[in-house]
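S.K.: Predicted model follows, preceded by the sequence.
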Amino acid sequence: MHWEKKGLIFNPEGLGGWRDNTFITPTPCLLTPEVIRVFGGFRDKEGISRIGYIDLKAENPKEIISISSKPVLDIGKEGMFDDNGVILGSVIKNGEELWMYYVGFQLVKKVKFLAFSGLAISSDNGESFRRISDTPVLDRYADEHYIRAIHTVIKEKDRFRIWYSAGNRWEIINAIPYPQYKIMYTESADGINMPVGKGINCVDVVNDEYRIGRPTVFIENGLHKMFYTKDTLSKIYSAGYAESKDGLIWERKEDLFHLPLSETGWDSQTICYPVPLKTNYGHYLFYSGNNMGQSGVGYAQLSLQNR
């Protein structure tokens, strides 16, 4: 898959308040055939993320229609699993509602943080979301102690298929603890009540990698495809690609994903969290740039030879 870079769309730097900096884990959906809404995490000066959006013209995603003036999902109540930040997640259409699976962060004393998954529902086409509960829908479990972060949900007739990141250890690099995690799979009958137990291991780290996550799964011509983001002990944070016939057994095919770093600018150091979206005007790929999206969000378009 050859992608043609189209450049930076948006960087919130300078807006101040809850939108002070960063656009992390961009998650696009079509509000109408003409309007793309990209949900993402905006950080305040303390680094705490809240979820908002940018609306873009589908014909030209560089053209911003509007930017959310308030969070569509704010941080949780004090003491809850999401009281120190929320990021995407997965946004799916379920009947007349939008369901947003999100990752909530909580600071604790003896490890860097905890990250578990919640669900919030919108009845106003994504202008606001209400939590179904102050507690996680995917909480800790044996061997998945510190992180269980849902990043893709696909609704089928009789089930909700779920790919998530799970972590139970920390890697110390230059005296800084970084979370270790890998990509897992589970499923739910109703998308709310999750099965008790450990998920199925889908994609694990290799070589000098210590974490691989943010799985974005989509299906084309019966083939399951996945973008993900990985990190190495030498701190090379980058995106990758895998394929699967059933969504459970995956083969990494990173040589098929062509989206190199730019020589200079907003995505010259990092390309991460890629998510595709098909529109009437083209097949787009939205992604975050340097420093996990501190430099903003941009997009690429599938080249003509791949359409």
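M.R.: Yep, that arrived. Residues are numbered from 1 along each chain as shown.

S.K.: all strands in the stretch 1-150 of the chain, in order from the N-terminus.
M.R.: Assigned by DSSP state E, counting those that start in this stretch, the strands in the stretch 1-150 of the chain fall at 3-10, 21-32, 35-43, 49-57, 64-67, 86-94, 97-106, 114-122, 130-131, 147-155.

S.K.: what stretches of this protein score poorly on pLDDT?
M.R.: 304-307 (pLDDT under 70).

S.K.: again, only this time at 80
M.R.: 1, 304-307 (pLDDT under 80).

S.K.: Between the strands of the stretch 1-150 of the chain, which one is closest to residue 189.
M.R.: strand 147-155 (11.3 Å; C-beta to C-beta). All C-beta spots, glycine's among them, are computed from the backbone N, C-alpha and C.

S.K.: Mind listing what's buried along that closest one?
M.R.: 147-154 (16 or more other C-beta atoms under 10 Å).

S.K.: Just the C-alphas of it, formatted as CSV.
M.R.: Below are the C-alpha coordinates for strand 147-155, written out as CSV (Å, rounded to 0.1, in the frame of the first residue of the first chain):
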residue,chain,number,x,y,z
ILE,A,147,-3.2,-1.9,30.7
ARG,A,148,-6.3,-3.2,28.9
ALA,A,149,-6.9,-0.6,26.2
ILE,A,150,-9.6,-1.1,23.6
HIS,A,151,-8.6,0.3,20.2
THR,A,152,-10.9,-1.4,17.6
VAL,A,153,-14.4,-2.7,17.9
ILE,A,154,-16.2,-4.2,14.9
LYS,A,155,-19.9,-5.0,15.2
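
S.K.: Run the angle between that strand and strand 86-94 for me.
M.R.: Strand 147-155 runs at 20 degrees relative to strand 86-94, counting by axes from the mean of the first three to the mean of the last three C-alpha atoms, to 10 degrees.

S.K.: Run through the neighbouring helices and strands of strand 147-155.
M.R.: strand 86-94, strand 97-106, strand 114-122, strand 160-173, strand 176-188, strand 209-220 (3 or more C-beta pairs under 8 Å, 6 or more residues apart in numbering; DSSP states H and E).

S.K.: Name the residues that touch the third one?
M.R.: What it means is strand 114-122. 72-73, 76, 81-82, 86, 89, 97-106, 108, 128-133, 135-140, 146-150, 164, 167, 179, 191-192 (C-beta atoms under 8 Å, 6 or more residues apart in numbering).

S.K.: let's see 7 Å
M.R.: Where contact means C-beta atoms under 7 Å, 6 or more residues apart in numbering, the residues beyond strand 114-122 that reach it are 73, 81-82, 97-106, 108, 128-132, 136-140, 146-150, 164, 192.

S.K.: Next: the first one.
M.R.: With C-beta under 7 Å, 6+ apart as the contact definition, strand 86-94 has outside contacts at 24-25, 27, 29, 39-41, 49-51, 73, 75, 98-104, 150-153, 155.

S.K.: Quick one, which of these are buried?
M.R.: Judged by 16+ other C-beta under 10 Å, buried ones among the contacts of strand 86-94: 24-25, 27, 29, 39-41, 49-51, 73, 75, 98-104, 150-153.

S.K.: Going by neighbour count, which residues in stretch 88-95 are buried?
M.R.: 88-92.

S.K.: and which of these is nearest residue 199?
M.R.: Looking across the buried residues of stretch 88-95 and measuring by C-beta to C-beta, the closest to residue 199 is residue 90, at 15.3 Å.

S.K.: For that closest one, give its distance to residue 246.
M.R.: Going from residue 90 to residue 246 by C-beta to C-beta, to the nearest Å gives 19 Å.
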